[in-house]
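Undergrad: turn this into a structure:
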Amino acid sequence: MAEFGPNKNAVGPPVAGWKPASGGAGMSLEAHREEPVSNGNCGAPDTVRRVQTESGSESPTWESTGPAIPRRSSLIKDGSRAGRDRKKTVSFSSSLSEKKISSAADCIHSMVEGSELKKIRPNSRVYQRYYLLDAGLQALCWEPSKKESDKARISLDSIREVRTGRNTETFRTSGVYEQISEDCAFSIIYGEIYESLDLVANSAEVANIWVTGLRYLMQYGKHALDMLASSQDSLRLGWLEHLFSSAVDLDEQEDVEEGIRLQSAVKLIQRVNPGVNSGKLEHRFKELQRVRDRMCGLSLDNGSAFKDHSENKKITGRNERVTKQEFIEVFHDFCTRPEIYFLLVQFSSNKEFLNTKDLMRFIEAEQGMAQVSEDTSMKLILSHEPSEEGRQQGFLSLDGFTSYLTSAECHLFDREHDIVCQDMCQPLSHYYINSSHNTYLIEDQFRGPSDISGYIRALKMGCRFVEVDVWDGPDDEPVVCTGHSLSPPLILRCVLEAIGRFAFVASEYPLILSIENHCSLPQQKVLLHHLVRIFGEKLYTNFPEEAALYLPSPNALRHRILLKGKKLGPGLCGEDGEVSEEDEGAEMCQRMKAASSGGMTPGGSDKDLGSKTVSLTAQPNPAPLPPKRLQLLKELSDLVSLCRSVHFIDFPTSSKSQKPWELCSFHESLAVRLASESPGDFVNHNKHFLTRVYPSPMRIDSSNMNPQDLWKCGCQIVSMNFQTAGLMMDLNTAWFRQNGNCGYVLRPAIMRQEVSYFSADTRDTVPGVSPQLLHVKVISGQNLPKPRGSGAKGDVVDPYVYVEIHGIPADCAERRTRTVMQNGDNPVFDESFEFQINLPELAMVRFVVLDDDFIGDEFIGQYTIPLECVQPGYRHVPLQSLTGEDLPHAKLFVHVALTNRRGGGKPHKRGLSVRKARKGRDYTALRDLGVRVVDEVFKSAAPLLREATDLRGNMQNSVAVFRELCGVSAVANLMQCVLALGSRVSGPEGTPLLLFDLRDHYPILEPQGPLPDVLRRVVSTYEMMVQASRAVMELSTGIYDRILHIQTTAMEFHEKLQSLATKEGLKGCKISRALESFSWNITILKGQADLLKHAKAEVQENMKQVHDAALTGNLTKEGAGLRRVRSQTRRGPEDQAPANARGPSA
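TA: All right, here's what the predicted structure looks like:
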């Protein structure tokens, strides 16, 4: 695949008195013309070898060389990537001495100097040209060109719009569309017939410079620089002068010109930007002081020896102080983030600040918050704007905007999930349960120490399943330890007291205490005494009714402790009895003995033993040990009620004989094998019964399995070694944050419904669930530290970012950015990725930051989050260390969007299908069972399903076409479409050519006079969208009711389906297939009905967004429906959080 390359540092004619900006530096235009286009920082992984630079008949040549950036062999590996081959792609960021772009004047200066850009033609040809502004700031020129010099230019007066991204017809129909980065592309729409000049910059920053500068010049004309010079940065400048003056007062200086102490200046900047390195600040101040010394002629050999010693001493003292100008310059260098400046001017109507209307538009259209007003904006300004002048006038400066974007309000994690937000009244088996393995161990499984702190830490982290292995101890006091190992024991009484004290500190929902009992009868009585004395009424001992089909809910079991363990059979009345003993440590011991039998003597050291454990995975599986028998105390057996341990035989046996309160434990290898061989059966088993999975006995080092391998099968209790940090614990910890960290997460509906079809190993779309597209743009990083285990000298890093998706196999994916060389302070990546998510409820997003030039350790930081918790929009991601602690001030700045979902909306997370043309539309097929009476019922649903698919598809296609004509990207919502449209509908005298009449439920777009062709197409496309939306609203309810009626009719055959199949002559596998097809069909009917209901809600939300955007953009007819509509999907800041994010299962 070809790619658009990096800036070759071309520079146009210098402009006297102007400082060079980052748009280019140092190389003649002539030197550029003969150079090939090289691989760069804004495109796909391959290289463009040559692009035609002269107009002619030949097409440009695109050659792809070298492999793409290699993928890791596995998503679940914890270890270093040092062993794999890597291709390093490089982006050179600006050093401290380079000027940062932080104003429109900087952009205009850079444009006058010029940049090398690529011009995309409708015939897919690509031409490399040098573009620059003329000296009078009145026209855009380019060279070389076959046109005469006076024709190779576009007058700024003729420019109607500057559009970002690949959002013109030329771009969309270009054969090189996929090779162009969205972030590097922009278009200039000009002339009476709306012609487009489509350009691709060598970096996102260069594209932003041109877009920002052109928009300013469109608004202010050739006097833009004069206007900017008189008003530029007045808010920031006034605030910094006040900040500096207050520091002078604290230093007790009488003369402001004397400056402030160096350390005071450093602390002042760190107060605003805490993450900046004090050493770098001091170094920069001293650089400026040396420049000041040279300018003042402070040299000992310059003929100034006649000055007296006291004056020299005074000058030396002044060198240890910072002047106001130096302070402002260093503040600008360290606290200005160009990527945030470009975002600010995009929404500020070409001002250097946001007013209340601008900010309202940003938080509504981009951040997805509904029910906002100018009062909402004013509250944010008062909270974040540092300057008194800005707060008084209702302006948010660049520093205030940066403060807002880095605050908790713009965190990627949705704070609605900080509290319990799911339905907690479902049966216990419908939840994932946060679970630990051998909770008392704090290192490895064989030799590592035991400690009560293991229980305390796990319970504080929201763990709701802890393990207690009880053995006979000295002095008739049972102990807790792993049998057959060298780990020291803990006194049982102390363990239970710690559990009792911390059981409900992090969560009020039930705690399951797994008792692996190896005690003699006398010590079982001691165990019983401790349990009853310490836990008292918290112990839940009520036995469920024999006819119960499900366990009680977490809500019904609040503040209760459930014991999981062996239980005597019903035949024994008042007598102790014998049960099979649970001994999960026996297999580990057996493997240890096999590993150590080759040459180890009884006197061998722990070090010798450790060397043997390394090769455990290479040992053949030993023969399974026969189960031992254990005498069980009757009173202890009676304490076990809802979590009775039973042995697993196979799924058919469990289906026939297992009770809901009986629980099977699987070791990891068996569970993974069952998930591979019988994924559908495993999911169905877990709809009714609790399943516990514990790590393989081979994991002597306490490493962890991938919990998502078991969650996708519906396994509720996946026991993790909480003491071992890494990818797997990152997934587990993040997963359980989504429901207030209460230890319980409701499983996806398709895993809970009585009749549904879901295969855990699916690598395709999920029936009844339409895929979503997740768009992630990694913009920049801040304050990235050196890896903790790095052996490299200094603190410079070469960071790059992996974006990973974890979920069902069809969703697992990863993409990486290029490397930014030698910049951990504020590396700019500006790379966008797209992922298809087939089961959003089970998907997680993980950001991993690594060092590309490492010695010993490459890991910088990570952040993992369930997709359900992601807030779309511009967000900061706080990075965490390998052990889960927040890294001080280390962040990523990203933009996240989900298609068919407004930025930030929460309830409709399932989304709607990806856009497809009707001619090639996919219709989901129902399956034949081979049972005539049932097949007839399902066949009656086929035309309804086609009609429902067409209704949704037509509506979504019409929205997509309208979005394209509005010139916005595929991730934009309708509010952003209308706001973008508002910028280009002005007539000759500034009056709008199009206005909305808001009196109807469906806003009407009315021309206000003759329209150019492009706007006539916009009006007709909008009318088609409204028509398709009306059809959804008027027809969807009837179709929805008829589909549900067919589903209800079909479900009447569910109980007798097997006998009906037998009467039809089906046997064996054919009956199994008929049952599976029945589940498939019911899942399709339920899923399509839900999607139709969501489509209706989407139409309501779309019309609401058009209505509100028309008001915000002043595109309404006078007095016509001037009232904001209440959002259907996203609560505003004053609204209450919903009781549940996921409703009860059907």
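Undergrad: tell me which element residue 239 is part of?
TA: Per DSSP states H and E: residue 239 is located in helix 234-250.
Undergrad: check residue 458 too.
TA: Applying DSSP H and E as the criterion places residue 458 in helix 453-460.
Undergrad: which other residues reach that helix?
TA: 436, 439-442, 466, 495, 498-499, 502-503, 505-506, 511, 722-723 (CB atoms under 8 Å, 6 or more residues apart in numbering). Backbone N, C-alpha and C define where each C-beta goes, glycine included.
Undergrad: domain assignment for the chain?
TA: Domain segmentation of the chain under the TED database yields 104-232, 338-410, 428-751, 772-898, 932-1113.
Undergrad: before we move on, back to that, quick one: buried ones out of the contacts of helix 453-460?
TA: Buried by 16 or more other CB atoms under 10 Å: 436, 439-442, 466, 495, 498-499, 502-503, 506, 511, 722-723, out of the contacts of helix 453-460.
Undergrad: once you drop chain neighbours, what's closest to residue 809?
TA: residue 763 (5.0 Å; CB to CB, 6 or more residues apart in numbering).
Undergrad: per-residue pLDDT, that neighbour?
TA: Per-residue confidence (pLDDT) for residue 763: 79.
Undergrad: elements contacting the helix or strand hosting residue 280?
TA: If you go by DSSP H and E, residue 280 is part of helix 278-295. With contacts taken as 3 or more CB pairs under 8 Å, 6 or more residues apart in numbering; DSSP states H and E, helix 278-295 sits against helix 262-272, helix 324-335.
Undergrad: and residue 859, bridged to which residues?
TA: residue 850 (DSSP bridges).
Undergrad: contacts only, for residue 535.
TA: 496, 500, 561.
Undergrad: pick out whichever of those residues sits closest to residue 371.
TA: Of all these, residue 561 has the smallest distance to residue 371: 42.8 Å, by CB to CB.
Undergrad: from residue 274, how far out is the closest one?
TA: Going from residue 561 to residue 274 by CB to CB, to the nearest Å gives 43 Å.
Undergrad: on that earlier part again, so which of the buried ones among the contacts of helix 453-460 are in helices?
TA: Judged by DSSP state H, helices contain the following of these: 495, 498, 499, 502.
Undergrad: which one's more surrounded, residue 561 and residue 274?
TA: Legend: neighbour count by other CB atoms under 10 Å for residue 561 and residue 274, higher for residue 561 (23 against 10).
Undergrad: one step back: pLDDT of the helix holding residue 458, averaged?
TA: Average pLDDT, helix 453-460: 94.
Undergrad: could you double-check that residue 331 sits in contact with residue 270?
TA: No. Residue 331 lies out of contact with residue 270 (CB atoms under 8 Å); the separation is 10.9 Å.
Undergrad: what is the longest helix seen in the chain packed up against?
TA: Across the chain, the longest stretch assigned as helix under DSSP H is helix 1069-1112. In terms of contacts (3+ CB pairs under 8 Å, 6+ apart), helix 1069-1112 is packed against helix 356-365, helix 942-965, helix 974-982, strand 994-997, helix 1013-1051, helix 1057-1063.
Undergrad: what do you get if the cut-off is 7 Å, keeping everything else the same?
TA: Applying 3 or more CB pairs under 7 Å, 6 or more residues apart in numbering; DSSP states H and E, we find helix 1069-1112 packed against helix 942-965, helix 974-982, helix 1013-1051, helix 1057-1063.
Undergrad: tell me the angle of it relative to helix 942-965?
TA: Angular relation of helix 1069-1112 and helix 942-965 on a 0 to 180 degree scale: 30 degrees, by axes from the mean of the first three to the mean of the last three CA atoms, to 10 degrees.
Undergrad: off-centre distance for helix 1069-1112?
TA: In terms of CA atoms, centre = their mean, to the nearest Å, the centre of helix 1069-1112 is found 24 Å from the chain centre.
Undergrad: what of stretch 1094-1114?
TA: 26 Å.
Undergrad: before we move on, what about stretch 827-836?
TA: For stretch 827-836 - counting by CA atoms, centre = their mean - the centre lies 11 Å from the chain centre.
Undergrad: with stretch 947-955 instead?
TA: The answer for stretch 947-955 is 30 Å, by CA atoms, centre = their mean.
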